[in-house]
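K.L.:
3D model of this:
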Amino acid sequence: MATRRRKGVIGWLKSLLPAKAAPLSDIEQARRLVAAVDRGGIPLNAARVNAIARNLGLEVSSKAPVEETIERLRQAIARAG
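P.N.:
Numbers count the residues shown, from 1 in each chain. You can find the predicted model right below:
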């Protein structure tokens, strides 16, 4: 019976914590990336930038410069609204 009570207490404690945030949409990830670059940030992981672009339906070469990919992301965001 003590085991059952513990699960209840642990479940109660977990319910006090905030729920995980919903995953961001592809377009929202692109918006946040472009906003970070505009604030002066430098994307350190080119593969992540390319993955965001591919998730939006853009064809991106792995050899393409990150700046070019970010510019294409800007255009995709403008088309999305």
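
K.L.:
mind listing the helices for this structure?
P.N.:
Assignment of helices within the chain using DSSP state H yields the ranges 2-16, 26-38, 46-55, 66-80.

K.L.:
can I get the ones you listed in TSV including mean neighbour count?
P.N.:
Heads up, the C-betas are built off the backbone N, CA and C, glycines and all. Putting the helices of the chain into TSV (neighbours: other Cβ atoms under 10 Å) gives the following:
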stretch	mean neighbour count
helix 2-16	8
helix 26-38	16
helix 46-55	16
helix 66-80	14
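
K.L.:
okay if I get those as a markdown table plus mean pLDDT?
P.N.:
Supplementary listing: the helices of the chain in a markdown table, determined by pLDDT from 0 to 100:
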| stretch | mean pLDDT |
| --- | --- |
| helix 2-16 | 73 |
| helix 26-38 | 96 |
| helix 46-55 | 96 |
| helix 66-80 | 95 |
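
K.L.:
now do the contacts for Gly81.
P.N.:
Listed by Cβ atoms under 8 Å, 6 or more residues apart in numbering, Gly81 has no contact partners.

K.L.:
pLDDT score assigned to it?
P.N.:
Predicted confidence (pLDDT) at Gly81: the value is 81.

K.L.:
distance of Ile42 relative to Val66?
P.N.:
Counting by Cβ to Cβ, to the nearest Å, the separation of Ile42 from Val66 is 9 Å.

K.L.:
what's the answer for Gln75, then?
P.N.:
For Gln75, the distance to Val66 under the criterion Cβ to Cβ works out to 15 Å.

K.L.:
what of Ala76?
P.N.:
Distance check for Ala76 against Val66: by Cβ to Cβ, it reads 15 Å.

K.L.:
check Leu13 too.
P.N.:
As for Leu13, its distance to Val66 is 44 Å (criterion: Cβ to Cβ).

K.L.:
do Arg48 as well
P.N.:
Computed with Cβ to Cβ, the distance linking Arg48 and Val66 is 10 Å.

K.L.:
name the nearest residue to Leu58, sequence neighbours excluded.
P.N.:
Residue nearest to Leu58 in three dimensions, not counting chain neighbours: Arg72, with 5.7 Å by Cβ to Cβ, 6 or more residues apart in numbering.
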